[in-house]
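Engineer: Kindly return the folded structure for what I paste below:
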Amino acid sequence: MPAKINIDKVTRIIGSTSTADFYVRGYGTDLDTIRWIQKFQDYELSRHPELTGARSIVTVLLSYNGGSLPESQADLDEVFASIPEETKNEYLGGSLAGVVKFSTIDLDMTQKDSLKQQMIDDITFLEPPAGISVAPIGSFDLFTTLLSSLADSKEAMTYLGFIFIFLFLVIVYRHLHAVTPLIPIIFIVGWNAVAMYLLNIAYTPLTATLGSMTIGVGAEYTILVMERYAEEKERLGDNLAAIQESVRKIGTAITVSGLATFCGFSALCLATFPIVSNFGYTTLIAVGFSLCGAIFVMPAVLSVMGRFEDRLHHQAKDGSSAPES
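Structural biologist: Next comes the predicted model:
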């Protein structure tokens, strides 16, 4: 993307353009507040190597007062009066609000979120003056909050997907083998997470839906195999033969259907917008692993479940045929 290329060029020339901005609400031109802001800036720069600099009204005051802060409120007001309004407006919103801008090295969203939480803890530790509140703002706060929300909602969507599928299968089939499709899906969801980690695909509002999407796609394929197995088991009466016959008859259809879906979604990978292309990659991962789960894992699960059901059937039969004492 041209805009991304231009940003990368600027970053290479002048360094990272990322900032961690904090909003100071309260009497921002009070001497105690100014001293606390300087203390906050110095503490953060000494504690976090990710921060490369800080700019605020304190920076301007130091520049206009020979490198030191005024000793009294009257001296501070005098220095303020000598500063042009457009310069003050860059860091102050009147006398009751201000902003502190920390420049940072290039960080990913996880690192930014960790840095933000540490800086919030530092604010509590440093104890702002009475009536002063300090909080992160701007993209630094927006995207890190989005990341946390995505992580929380991603897990909730995945768990709810499993619960809904489980309840539906139990209500429809009312049989022990109804839970068998969930076992391959658990494997598939785990494989997806590993694949995204190895491919360095970040979670976005689109890729965060991968868990629920995988559950839906995987359930479709595994239920088809399970249903065919039940029909062949009733016809043949043998677990192994029923599994072999069901995979032989429906395996090709599932594979062709999955590959067709795979090819259709592969067009998303060619998108120039990273969020869309990453969604395409994660969709291909979900479909590919869903096929593997249905063709390779599901037959093994059915084999184990079939032997378990046969054992229960034989135990029940032996118990009913035992002579009554």
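Engineer: Verify the stated contact: Ser266 with Phe279.
Structural biologist: No: Ser266 is not in contact with Phe279 according to CB atoms under 8 Å; the separation is 11.9 Å. Heads up, the C-betas are built off the backbone N, CA and C, glycines and all.
Engineer: and the two? which has more neighbours close in?
Structural biologist: When Ser266 and Phe279 are compared for neighbours, Phe279 comes out ahead with 24 against 14, by other CB atoms under 10 Å.
Engineer: Following element in sequence after the helix or strand containing that one, please.
Structural biologist: Element membership for Phe279 (DSSP states H and E) is helix 274-292. Using DSSP H and E, the next helix or strand after helix 274-292 towards the C-terminus is helix 298-321.
Engineer: Identify the residues contacting Ile120.
Structural biologist: The contact partners of Ile120, taken as CB atoms under 8 Å, 6 or more residues apart in numbering, are Ala135, Pro136.
Engineer: domains of the chain?
Structural biologist: 13-143, 175-321 (automatic domain parsing).
Engineer: In a markdown table, list those along with mean pLDDT and distance to Tyr159.
Structural biologist: Below are the domains of the chain laid out as a markdown table (pLDDT from 0 to 100; distance: least, CB to CB, whole Å):
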| stretch | mean pLDDT | distance to Tyr159 |
| --- | --- | --- |
| domain 13-143 | 86 | 22 |
| domain 175-321 | 84 | 9 |
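Engineer: who wins for proximity to Phe168 among those?
Structural biologist: Minimum separation from Phe168 across these (CB to CB) falls at domain 175-321, 8.8 Å.
Engineer: Quick check: Asp122 touching Leu45?
Structural biologist: No: Asp122 lies out of contact with Leu45 (CB under 8 Å); the separation is 11.3 Å.
Engineer: Okay, Gly94 and Ile137: tell me how far apart.
Structural biologist: 16 Å (CB to CB, to the nearest Å).
Engineer: Those two: which has the busier surroundings?
Structural biologist: Ile137 (15 against 10).
Engineer: Find the nearest non-adjacent residue to the more buried one, please.
Structural biologist: Residue nearest to Ile137 in three dimensions, not counting chain neighbours: Tyr23, with 4.4 Å by CB to CB, 6 or more residues apart in numbering.
Engineer: for the protein, what's the longest helix?
Structural biologist: The longest helix of the chain (DSSP state H) is helix 138-173.
Engineer: Could I get the buried residue list for that helix?
Structural biologist: 140-141, 144, 146-147, 150, 154, 157-158, 161-162, 165, 169, 173 (16 or more other CB atoms under 10 Å).
Engineer: Could I get the residues you listed in TSV, plus columns for distance to Glu309?
Structural biologist: Below are the buried residues of helix 138-173 laid out as TSV (distance: CB to CB, whole Å):
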residue	distance to Glu309
Phe140	56
Asp141	55
Thr144	50
Leu146	47
Leu147	45
Leu150	41
Lys154	35
Met157	32
Thr158	29
Gly161	26
Phe162	22
Ile165	21
Leu169	16
Tyr173	13
